[in-house]
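[1] model the following, please.
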Amino acid sequence: MSKFLRFISLLGILAVAGTATWLFRIDELKPAGPRADYFLYLAALLAVAVLTVRWPRFSGTLLVLACVEFAWGLGSWALAPPGSPSLLPPVVAEPARFLWHPLLQAVPVPGLAFTSATGLAIRHSSEGTRGRDPDPARLADSGVVATFGGSAAYDIGNGEGDTWPDRLDEALREDRLVVVNHGVPGYTTAEHLLQTAFYPEKFGKAPRCAVYFVGWNDLRNAHIPNLDAGYADFHMPSQVDSLKVRRIGGSNVTISPLLTVLARLVAAEVDTVRYGKDPYALPPASGSDPAQSAIFERNVRTISAINRLRGTPTIWVGQVVNRDRLKGEGLYGWLPRVRDRDLPQLLQQSNAALERTARALGDTYVALSPEAFGPADFVDEGHFSAAGARRFAALLAPVVRETCR
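    Here you go, the predicted model:
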């Protein structure tokens, strides 16, 4: 038994070393980082198993644990779609971008500055907005244009200075307007309503006008049965995990896949923030969802009413997506019950409803033709590339200049 355990453990060490070497060659492993720690952890388990073969039960337990950790970590990574999360730790560690918030679920960490694993410079202002703090002298002599939206407004595909709010700010500099980016990944009109009602002021100044780039994230709630009017049964609690603000469990990944799964199971049972529904367990549905559409339009009307009461002009912009990436029968992941091929049509219907509502309220609506943007303007299904951000800001600038002066 001892010889067998020693042989299997040494074979495991070779398998771990070989896998690590292969991942290093394809740039999926760095000398330091959570993924490197994972392989050191596996090597340590197997080394101790070799050294303790005199005690077969203990050595065998370590060997089984190492095999489970190896298979679960690498297997989940190999089976996951490219770029999707798995139980395998990330190549490099990044600081937390977001903090838990009692109302909004997650907000940007103020004052954060780092370079992401993909090489993008990420910066949050001292007041938790995307980008740098505005120059005090310029701010004192300018009006504020507040931009709201989800990841497409936060502009996750671009680094510091290349986001479309950054480009819009450059275009409006001579008009004595400063752009402050309130965008946060995942946010829907439910969060924008809260932002508008309670947190519109940043850097001591209320916005002169507000721009809302919306639609895509609201459609995440399409076809959820008995949908909560505030998206509180699925979307809101899911943000805690999407933006990684749960203390234990959730989307957090440790060097041990087994520990990661156990923490998620415990959190699912005892954590205060739990899901009321799991729409990912349901099959895809076709067509529009009248219940979700009604909530979206109600939120738009409420946001507009708040801004009107304050004398803040409201600009609505319907979202655009990369149609070339959204043609298949599958689901790319963010919208649990909407097929890829159905999303462009649903978004077109949402934008039409947004335009009708905006014009009925006397707000400004910016109509963007889907044909105005090509595949090179996106980095994925709907987030702008640097070129797309410049194009979008150029189209938006004249309307903002006219509305917000």
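[2] please enumerate the helices of this protein.
    Assigned by DSSP state H, the chain shows helices spanning 2-25, 34-51, 56-79, 136-140, 151-154, 164-171, 189-198, 235-242, 257-270, 290-310, 343-361, 386-404.
[3] low-confidence ranges in the stretch 51-200 of the chain?
    Along the stretch 51-200 of the chain, the parts satisfying pLDDT under 70 run over 82-83.
[4] redo the helices of the chain as TSV? Include distance to residue 180.
    Glycine gets a C-beta too; all of them are placed from N, C-alpha and C. TSV is the format used below for the helices of the chain (distance: least, C-beta to C-beta, whole Å):
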stretch	distance to residue 180
helix 2-25	41
helix 34-51	34
helix 56-79	38
helix 136-140	9
helix 151-154	11
helix 164-171	8
helix 189-198	12
helix 235-242	21
helix 257-270	34
helix 290-310	15
helix 343-361	22
helix 386-404	12
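[5] list the contacts of the most centrally placed residue in the chain.
    For the chain, the residue nearest the mean C-alpha position is residue 185 (4.3 Å; C-alpha atoms, centre = their mean). Contacts for residue 185 were tallied using C-beta atoms under 8 Å, 6 or more residues apart in numbering; they are 150-151, 154, 156, 242-243.
[6] swap the cut-off to 7 Å and go again
    150-151, 154, 156, 243 (C-beta atoms under 7 Å, 6 or more residues apart in numbering).
[7] quick check: the gap between it and residue 193.
    Computed as C-beta to C-beta, to the nearest Å, the residue 185 to residue 193 distance reads 17 Å.
[8] follow-up on the earlier one: excluding its backbone neighbours, what's nearest the residue nearest to the centre of the chain?
    Taking C-beta to C-beta, 6 or more residues apart in numbering, and ignoring the residues beside it in sequence, residue 185 has residue 151 as its nearest neighbour in space, at 3.7 Å.
[9] how near is the residue lying closest to residue 304 once chain neighbours are set aside to residue 307?
    Using C-beta to C-beta, 6+ apart and skipping residues adjacent in sequence, the residue nearest residue 304 is residue 361, 4.7 Å away. Per C-beta to C-beta, residue 361 is found 10 Å from residue 307.
[10] what about those two, which has more around it?
    The residue with more neighbours, out of residue 361 and residue 307, is residue 307; 23 against 18, by other C-beta atoms under 10 Å.
[11] residues in contact with the more buried one?
    196, 210, 314 are the contacts of residue 307 under C-beta under 7 Å, 6+ apart.
[12] just among the residues you listed, which is most surrounded?
    Within these, neighbour counts (other C-beta under 10 Å) peak at residue 210, which reaches 29 neighbours.
[13] before we move on, back to that, Serialize the contacts of residue 307 to JSON lines and add fields for distance to residue 257.
    Conversion of those to JSON lines gives the following (distance: C-beta to C-beta, whole Å):
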{"residue": "196", "distance to residue 257": "41"}
{"residue": "210", "distance to residue 257": "44"}
{"residue": "314", "distance to residue 257": "47"}
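[14] do you know which of the helices of the chain lies nearest residue 369?
    helix 386-404 (9.6 Å; C-beta to C-beta).
[15] verify the stated contact: residue 257 with residue 71.
    No. Residue 257 lies out of contact with residue 71 (C-beta atoms under 7 Å); the separation is 8.8 Å.
[16] quick one: which of those two has more around it?
    Counting neighbours by other C-beta under 10 Å for residue 257 and for residue 71 shows that residue 257 has the greater number, 24 against 11.
[17] return the distance of the more buried one relative to residue 46.
    As judged by C-beta to C-beta, residue 257 and residue 46 stand 16 Å apart.
[18] poorly predicted segments of the stretch 201-350 of the chain, please.
    Applying pLDDT under 70 to the stretch 201-350 of the chain picks out residues 249.
[19] one more pass at 90, please.
    Along the stretch 201-350 of the chain, segments meeting pLDDT under 90 span 241, 246-254, 260-281, 328-333.
[20] ok, and the closest non-adjacent residue to residue 310?
    Nearest in space to residue 310, with sequence neighbours left out and distances taken as C-beta to C-beta, 6+ apart, is residue 206 at 7.1 Å.
[21] tell me how many other residues crowd that neighbour.
    Close neighbours of residue 206, defined as other C-beta under 10 Å, add up to 14.
[22] same deal with residue 178?
    Applying other C-beta under 10 Å, we find 23 residues neighbouring residue 178.
[23] and residue 364, by the same measure?
    The number of residues packed around residue 364, counting by other C-beta under 10 Å, is 19.
[24] before we move on, what about residue 402?
    12.
[25] next up, the contacts around residue 5.
    Taking C-beta under 7 Å, 6+ apart as the criterion, residue 5 is in contact with 49, 53, 56, 59-60, 63.
[26] ok so, going back, tell me how far the residue nearest to residue 304 lies from residue 376.
    Distance of residue 361 to residue 376, computed by C-beta to C-beta: 35 Å.
[27] try residue 297
    According to C-beta to C-beta, residue 297 and residue 376 sit 33 Å apart.
[28] what do you get for residue 387?
    6 Å.
[29] cool, residue 173 as well?
    When residue 173 is compared with residue 376 (using C-beta to C-beta), they lie 27 Å apart.
[30] ok, now residue 134?
    Residue 134 is 31 Å from residue 376, by C-beta to C-beta.
[31] so the two - more neighbours on which side?
    The residue with more neighbours, out of residue 134 and residue 376, is residue 134; 20 against 11, by other C-beta under 10 Å.
[32] measure how buried residue 345 is and give me the count.
    Using other C-beta under 10 Å, residue 345 is surrounded by 14 other residues.
[33] tell me the contacts of it?
    Taking C-beta under 7 Å, 6+ apart as the contact definition, residue 345 lies against nothing.
[34] so what's residue 134 up against?
    Counting by C-beta under 7 Å, 6+ apart, residue 134 has contacts 178, 203.
[35] to clarify, my last question referred to residue 123.
    Applying C-beta under 7 Å, 6+ apart, one finds that residue 123 lies in contact with 112-113, 131-132, 160.
[36] and which of the residues you listed is nearest residue 261?
    Relative to residue 261, the closest of the contacts of residue 123 is residue 112; by C-beta to C-beta it sits at 29.2 Å.
[37] all set, thanks.
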